[in-house]
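*Asks:* Can you look at this prediction? I've put the sequence above it.
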Amino acid sequence: MGKIGGFKEFKRENENNIAVKKRVSNYKEFTIPLKEEALKKQGSRCMDCGIPFCHSGCPLGNLIPDFNEMVYKGAWQKASKILHATNNFPEFTGRLCPAPCEKACVLGIINEPVSIENIEKNIVERAFSEGWIFPEPPEFRTNKTVAVIGSGPAGLAAAQQLNRAGHSVTVFERDDAIGGLLRYGIPNFKLEKEIIDRRIAILIEEGITIKTNVNVGTNYDVKKLVNFDAIVLCGGATLRRSLPVKGIDNKGVVQAMDFLTQQTKQLFGSKLTGELISAKDKHVIVIGGGDTGSDCIGTSNRHGAKSVTNFEIMPKPPVSRSESTPWPFWPLQLKTSSSHEEGCDRNWLINTKEFIANDQGEITALKTVEVDWLIVPGKRPQLIEKPNSEKTWPCDLALLALGFTGPEITLSEQLGLELDARSNYKATNYRTNKTHIFTAGDMRRGQSLIVWAISEGREAAREVDIFLMGESNLPTKNNGDLPSS
């Protein structure tokens, strides 16, 4: 597989980024791709493992050693075919996935893991540039119709798979453009929206019907869904977590998704609702240390914020892999994103106590307290405030990046669907308690990764196909077999 001993000969090489001062002046992607010869060397670092743990680390079961070998050999078209056999949208995962495959890479035990995610991105970009990715409508059509509600990665993956099976698929999206959180939850500097548009154009040419500005259950009567033979709900987990503290309703306390969505809509000239949310010349505090918080930091810096501060209620993770998360598990480890590098004061073990406002109800400051976590075996960790540790921070804009508690339940109520103990849509083999209604992605499993959403959409499509036809030729999660040539 690849170059024997390549992992000993070549070190991991990552993409470089455009300088901070230049990149924060716009909202374009800012990575500098590696040259082809460098990418071949990166592909050669794959070790020909007896058991490729990267497979188990990837929710899609991507055939990683196989496409690494093709990149090393310069067989880019074959690499693209192998990659697309398991992943409908590698241009999304190659940019946005936290790469659990790399954390499970065997080479990572003793060295830097293979740069799988970057190789993946370069394969799909090469494929688009060479014209190897093009519409492939099904050779035949069944007489079955399927409605897919939600156009995030789960919905789009389900739609493409079902269309490939020959069913007539209609995707309903409540927003004005397709993509779900890919469109309005991910900043343009991480995923330029033209990347979404070029894939959507292919899906449309393959025969999928797209309907935007259609909010099923609100401006579209769910009774109309009776016209479809099957329904796949992929509405995501969109209920945002808040804070039960004084002043939460003050002006200037904003949910992260409202901030990020408005920024992208403003960038592309879409109609805005509500007042303009701007970080320009403001003291910005981002509450929440995950990827969404990082996106708020990068966006605030591009707005021209006076200062950007980040709070995280959990302890600061270790720089290297924690003993509590040994290989090949997902590691407890400090992550420093490109947005953090652009300028941010990061703080851990901080809990927000109050949002302070002026007489006009506008936030001017934020009061916090330092905390610790009391760990008692067999019990839930308990948050303990440190005495005399209260502090007041200047703040003109507080962004709540606290994640999501689950899906909206409007559709479940209107369709008579059961919820599980975590308020997700309950399903067995992706099928709800209504025989013809299926669900996938964050709506079924709760807030998760894009790569999981694509996997869920693919798996749900297979179950729908079996329901409609009695059997299915759609692939299940890859069993390690290469696609036929």
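*Replies:* Great, that's in hand.
*Asks:* Which secondary structure state does the closest residue to residue 228 other than its chain neighbours sit in?
*Replies:* Distances taken as C-beta to C-beta, 6 or more residues apart in numbering put residue 147 closest to residue 228, at 4.3 Å, once the chain neighbours are dropped. Glycine gets a C-beta too; all of them are placed from N, C-alpha and C. Assigned by DSSP: H, G, I helix; E, B strand; the rest coil, the conformation of residue 147 is strand.
*Asks:* tell me the mean pLDDT over the lengthiest strand in the chain?
*Replies:* With secondary structure taken from DSSP state E, the chain has its longest strand at strand 363-374. Strand 363-374 shows a mean pLDDT of 97.
*Asks:* Tally up the residues packed near the residue nearest to residue 228, please.
*Replies:* 22 (other C-beta atoms under 10 Å).
*Asks:* cool, and residue 253?
*Replies:* 24.
*Asks:* and the next element down the chain from the longest strand of the chain?
*Replies:* strand 382-385 (DSSP states H and E).
*Asks:* Just give me the neighbour total for residue 276.
*Replies:* When neighbours are counted by other C-beta under 10 Å, residue 276 comes out with 8.
*Asks:* Sorry, slip of the keys, the one I care about is residue 322.
*Replies:* Should you count by other C-beta under 10 Å, residue 322 turns out to have 14 residues around it.
*Asks:* thought it was touching residue 331?
*Replies:* Yes - counting by C-beta atoms under 8 Å, residue 331 is a contact partner of residue 322 at 6.4 Å.
*Asks:* returning to that earlier point: who's in contact with the residue nearest to residue 228?
*Replies:* 169, 170, 172, 225, 228, 230, 231, 232 (C-beta atoms under 8 Å, 6 or more residues apart in numbering).
*Asks:* can we see that at 10 Å?
*Replies:* Neighbouring residues of residue 147 by C-beta atoms under 10 Å, 6 or more residues apart in numbering: 159, 169-172, 209, 211, 216, 224-225, 227-233, 437.
*Asks:* buried stuff in stretch 228-248?
*Replies:* The neighbour-count check on stretch 228-248 (16 or more other C-beta atoms under 10 Å) flags 228-238, 240, 243, 247 as buried.
*Asks:* Next: stretch 96-108.
*Replies:* 96, 97, 99, 100, 101, 102, 103, 104, 105, 106, 107, 108.
*Asks:* Identify the farthest-apart pair in those.
*Replies:* 96 and 106 (24.3 Å; C-beta to C-beta).
*Asks:* Just list whatever residues bridge to the residue nearest to residue 228.
*Replies:* residue 170, residue 231 (DSSP bridges).
*Asks:* Distance of it relative to residue 168?
*Replies:* Noted for residue 147: a distance of 10 Å to residue 168, by C-beta to C-beta, to the nearest Å.
*Asks:* Likewise for residue 234?
*Replies:* 17 Å.
*Asks:* Also residue 289?
*Replies:* Counting by C-beta to C-beta, the gap from residue 289 to residue 168 is 44 Å.
*Asks:* Next: residue 417.
*Replies:* Relative to residue 168, and taking C-beta to C-beta, residue 417 is found at 24 Å.
*Asks:* do residue 51 as well
*Replies:* Counting by C-beta to C-beta, the gap from residue 51 to residue 168 is 42 Å.
*Asks:* out of the two, which sits in the busier spot?
*Replies:* Between residue 51 and residue 168, counted using other C-beta under 10 Å, the more crowded position is residue 168 (18 against 8).
*Asks:* Might you report the residue contacts of the more buried one?
*Replies:* 138, 141-146, 162, 207-209, 228-229.
*Asks:* ok, residue 422 - contacts?
*Replies:* 237, 405, 406, 445, 446.
*Asks:* Could you pull out the buried residues of the longest helix seen in the chain?
*Replies:* Longest helix in the chain by number of residues (criterion: DSSP state H): helix 450-469. Neighbour-count burial for helix 450-469 flags 450-465, 467-468 (criterion: 16+ other C-beta under 10 Å).
*Asks:* what does stretch 350-364 give?
*Replies:* So, applying 16+ other C-beta under 10 Å, buried residues of stretch 350-364: 350, 351, 352, 353, 354, 355, 356, 357, 363, 364.
*Asks:* and which of the residues you listed is nearest residue 391?
*Replies:* For these, the nearest to residue 391 is residue 350 (8.5 Å; C-beta to C-beta).
*Asks:* Across the sheet, point out what pairs with the closest one.
*Replies:* If you apply DSSP bridges, the partners that residue 350 bridges to are residue 370.
*Asks:* Pretty sure residue 370 is one of the things it touches, is it not?
*Replies:* Yes - if you go by C-beta atoms under 10 Å, residue 350 and residue 370 touch, sitting 6.4 Å apart.
*Asks:* Sort out which one of the contacts of residue 168 lies nearest residue 26 for me.
*Replies:* residue 208 (32.6 Å).
*Asks:* Just give me the neighbour total for that closest one.
*Replies:* So residue 208, with other C-beta under 10 Å, has 21 neighbours.
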